[in-house]
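Visitor: turn this into a structure:
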Amino acid sequence: VMLFNTALSNNNLDDAQKYLKILKSIPKANYISVRADVMIALKEKNIDKALALLLEYRKKYDTDPWISQKLAILYSQKKEWELGWESIKRIKAPNNTLLSSLQANLHALSGKNIFDSIKISENSFHVLLEVIKQFIKNNEISKAAKLIERNWFNFNCPEIIETFIKHNLKNNTDSLKRHKIIVKVMKKHLNSSDEVRLSLAMSAYQAKIWGESQKYLDDIPKENWDERIKNLYEEICKKSDKFSMPSNLNEVKSSPEWYCHSCKTRYQKWYFVCNECEAVNSLKWPKTNNNIKKKFFLENPFRHFPKM
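Guide: Here you go, the predicted structure:
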């Protein structure tokens, strides 16, 4: 098994095929050889073959998480959300954040009830935004705010609060109401993150409370400023002669962007499938406090294989 894994990692497919042949000759290694067969097809970028193998093997291992997850990923790359959801819906993985997030995304993308999607996992950025929008549509603003408070540190991303303050906004009275609500629930997190300060500054600006917006930005250390903060400050300064840009402001950082955990391609917004490498559910926000590190079972795909 280790020799196969090493050969595959080194892109030595000839040796990998040789070790796979040996694995297939060992009765107790049947499940190992099944996965190895699929992994070679994926390494060869033969998606049709990998899909056919997975569908065949699922008949025997119909509740196996690895096979179901690989099927869901391949269907996701084809944007066949319903088939992806059907492949993975029976898998129970309450402690597997990556898997449950994949399930929640596919549940939502396949057109299911968004409130059921977030019950599967609250670690999906897409699902969180869609639930916030639905709460606002239902005029349940406080529920949307409490959802943000509960899940803020899963993402630490201002787009969450931006969605809350801008989606289906009626007028400035509505803007002021939402601002007061979001400040109330996020106040206790104010000193924990510059992203919270920026988010509340954006909310205050939307509500036309320029002084409060400026104050939140002034509380962000100048060495942490990026283009988002500078641009918002400039917009505030346009509203009144009372405001002026800080005189001691040096060159600011670039605005943070989503990035693919697999190929590092950067994006201005979240995508479920990376356009560059087709990795599924791999985009991360760089300011997230609890970025999911690459797990050992991803580095060593045989970690959970049964011993022979």
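
Visitor: check contacts around residue 107.
Guide: 85, 89, 116, 117, 120 (Cβ atoms under 8 Å, 6 or more residues apart in numbering). To be clear about C-beta, it is placed using only N, CA and C from the backbone, and glycine gets the same treatment.

Visitor: the third one and residue 100, how far apart?
Guide: Pointing back at residue 116 there. Residue 116 is 13 Å from residue 100, where distance means Cβ to Cβ, to the nearest Å.

Visitor: more neighbours, these two?
Guide: Legend: neighbour count by other Cβ atoms under 10 Å for residue 116 and residue 100, higher for residue 100 (20 against 12).

Visitor: how about the nearest residue to residue 55, chain neighbours excluded?
Guide: Sequence neighbours aside, residue 71 is the residue nearest to residue 55 in space, at 7.3 Å (criterion: Cβ to Cβ, 6 or more residues apart in numbering).

Visitor: which strand or helix spans the one you found?
Guide: Residue 71 belongs to helix 65-77 when assigned by DSSP states H and E.

Visitor: for whichever helix or strand comes after that helix, list the C-alpha coordinates in PDB.
Guide: Sequence-wise, the next helix or strand downstream of helix 65-77 (DSSP H and E) is helix 81-88. C-alpha atoms of helix 81-88 as PDB (Å, rounded to 0.1, in the frame of the first residue of the first chain):
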ATOM      1  CA  TRP A  81     -25.900  19.100  -8.300                       C
ATOM      2  CA  GLU A  82     -28.900  16.700  -7.900                       C
ATOM      3  CA  LEU A  83     -26.800  13.700  -8.700                       C
ATOM      4  CA  GLY A  84     -24.100  15.000  -6.400                       C
ATOM      5  CA  TRP A  85     -26.600  15.300  -3.600                       C
ATOM      6  CA  GLU A  86     -28.100  11.900  -4.300                       C
ATOM      7  CA  SER A  87     -24.600  10.400  -4.100                       C
ATOM      8  CA  ILE A  88     -23.800  11.700  -0.700                       C
END
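
Visitor: buried stuff in helix 81-88?
Guide: 81, 83, 84, 85, 86, 87, 88 (16 or more other Cβ atoms under 10 Å).

Visitor: what does stretch 20-33 give?
Guide: For stretch 20-33, the neighbour count (16+ other Cβ under 10 Å) marks 20, 23, 29, 31, 32, 33 as buried.

Visitor: and what of stretch 184-195?
Guide: Within stretch 184-195, the residues that count as buried by 16+ other Cβ under 10 Å are 185, 186, 189, 193, 194, 195.

Visitor: off-centre distance for the helix or strand hosting the last one?
Guide: Same thing as residue 195. Secondary structure from DSSP H and E places residue 195 in helix 194-206. From the chain centre to the centre of helix 194-206 is a distance of 22 Å (Cα atoms, centre = their mean, to the nearest Å).

Visitor: circling back to that earlier point, and the two most separated of the buried residues of stretch 20-33?
Guide: Greatest spacing in these, by Cβ to Cβ: 20 and 31 (13.2 Å).

Visitor: residue 221 is in contact with residue 246, correct?
Guide: No. Between residue 246 and residue 221 there is no contact under Cβ atoms under 8 Å: 11.5 Å.

Visitor: higher neighbour count, the two?
Guide: residue 246 (12 against 8).

Visitor: what number of residues lie near the residue lying closest to the more buried one once chain neighbours are set aside?
Guide: Of all residues not flanking residue 246 in the chain, residue 222 sits nearest, at 6.8 Å (Cβ to Cβ, 6+ apart). Applying other Cβ under 10 Å, we find 12 residues neighbouring residue 222.

Visitor: test my guess that residue 222 contacts residue 251.
Guide: No. Contact between residue 222 and residue 251 fails when scored by Cβ under 8 Å: they sit 10.8 Å apart.

Visitor: much appreciated, bye for now.
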